[in-house]
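Trainee: Pasting the sequence and the predicted coordinates here, then a few questions.
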Amino acid sequence: MSATALSSAPSRGPIGLVAAAFDVAGRFPASLIQLAARVAVGLVFFKSGLTKISTWDNTLELFASEYQVPLLPPELAAYLGTAAELAAPWLLFLGFGARFGAAALLGMTLVIQTFVYPLNYAEHLTWATLLLLVLTRGAGALSLDHLIRRVMGR
């Protein structure tokens with residue numbers, strides 16, 4: 001809290017102190033929250049992709065027996081899912097085409113929730129919330145997307 005907010009808050013009582021704390025919290029840079037969201041959810045998917053390529057035979061077996069994504073042969077689903085898990089997070093990390101990366105991973109999250117692990121809704125809702133933040137609000141000021149927009153004069 002700032003010195004001004006703290007010094008005047010006690011004279012207003014507990015309600016004033018809480019209001020001053022909320023005021024200070026409201027000044028936290030949204031760009032840092034957007035960066036944290038991008039990195040946090042990106043790491044979840046990227047680490048999963050690294051695990052898949054480190055044990056490819058196990059990955060193929062998982063897609064054939066446990067994941068069973070409808071409409072796609074297991075091997076194709078394994079390649080597509082792993083590629084998305086390794087590529088889309090970089091769009092989030094760099095903030096370059098971040099909304100496209102968020103949309104891809106949100107789609108993957110919906111497939112996982114619907115067809116693979118429907119009981120893991122709390123975890124998937126967390127991922128979806130972070131991805132929706134990026135999808136709807138953009139990557140934020142700490143991103144290549146923002147830099148490109150500034151250079152282009154938008």
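Mentor: Thanks, I have the structure now. What you see is a predicted model; the values in this text were computed from it and never measured. Residues are numbered from 1 along each chain as shown.
Trainee: CA only for contacts and neighbour counts going forward, please
Mentor: Noted.
Trainee: Helices of the protein, start to end?
Mentor: Assigned by DSSP state H, the helices in the chain fall at 3-8, 13-25, 30-54, 56-62, 74-94, 98-111, 121-137, 144-151.
Trainee: Below-threshold pLDDT in this structure: ranges please.
Mentor: For the chain, applying pLDDT under 70 flags the ranges 1-11.
Trainee: before we move on, the earlier item: let me know which of the helices of the chain is the nearest to Q68.
Mentor: Closest approach to Q68 among these (Cα to Cα): helix 74-94, 6.7 Å.
Trainee: quick one on the thing from earlier: format the helices of the chain as CSV; extra columns: mean neighbour count.
Mentor: As requested, those are exported to CSV (neighbours: other Cα atoms under 10 Å):
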stretch, mean neighbour count
helix 3-8, 12
helix 13-25, 14
helix 30-54, 18
helix 56-62, 16
helix 74-94, 20
helix 98-111, 20
helix 121-137, 17
helix 144-151, 14
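Trainee: Could you export these to a markdown table, including columns for distance to Q68?
Mentor: Putting these into a markdown table (distance: least, Cα to Cα, whole Å) gives the following:
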| stretch | distance to Q68 |
| --- | --- |
| helix 3-8 | 56 |
| helix 13-25 | 45 |
| helix 30-54 | 16 |
| helix 56-62 | 8 |
| helix 74-94 | 7 |
| helix 98-111 | 11 |
| helix 121-137 | 18 |
| helix 144-151 | 36 |
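Trainee: Please report the distance of A19 from F28.
Mentor: A19 is 15 Å from F28, where distance means Cα to Cα, to the nearest Å.
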